[in-house]
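Undergrad: Need coordinates for the below:
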Amino acid sequence: MNLHLIISGVVQGVGYRQWLRRRALAAGLTGWARNRADGTVEAVLSGQSEAVETLVGEAMRGPSGARVDGIDRREDRSLRSDGAGADFVILPTL
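TA: Predicted structure coming up:
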């Protein structure tokens, strides 16, 4: 499963991307995360459906200090975790 996420709320400046990376790697997922200029975090999660869905549920809570208002999600078989390979990477802000 390849899932593209836009996470909104207080998700920048609270360690959200690093938290997401640690959780993704622990779940055996690949992909990437980056801050966006509009204050959201964008991410792609790739891996087994159950692990992806579990992490999306955890992402609604996020790390301490974060306040997640919502997650827009889109599944797309054509999505790739470009730049990630067999890892989960933090990309530069877009």
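Undergrad: Skip the chain neighbours and tell me the closest residue to the most centrally placed residue in the chain.
TA: Centroid check for the chain by CA atoms, centre = their mean gives Ala43 as the closest residue, at 3.7 Å. Distances taken as CB to CB, 6 or more residues apart in numbering place Ala33 nearest to Ala43, at 4.1 Å, with adjacent residues excluded. Just so you know, the C-beta spots here come from the backbone N, C-alpha and C atoms, and that holds for glycine as well.
Undergrad: which SS state does the one you found fall under?
TA: Per DSSP: H, G, I helix; E, B strand; the rest coil, the local secondary structure of Ala33 is strand.
Undergrad: Was I right to think it contacts Pro92?
TA: No - the criterion here is CB atoms under 8 Å, and Ala33 misses it with Pro92 at 11.1 Å.
Undergrad: my read is the residue nearest to the centre of the chain is in a helix, agree?
TA: No - per three-state DSSP, Ala43 lies outside any helix segment and is strand.
Undergrad: Quick check: most distant residue from the centroid of the chain.
TA: Per CA atoms, centre = their mean, the residue of the chain sitting farthest from its centre is Ser78 (17.3 Å).
Undergrad: and the gap between it and Asn2?
TA: Shown here: Ser78 relative to Asn2, a distance of 8 Å by CB to CB, to the nearest Å.
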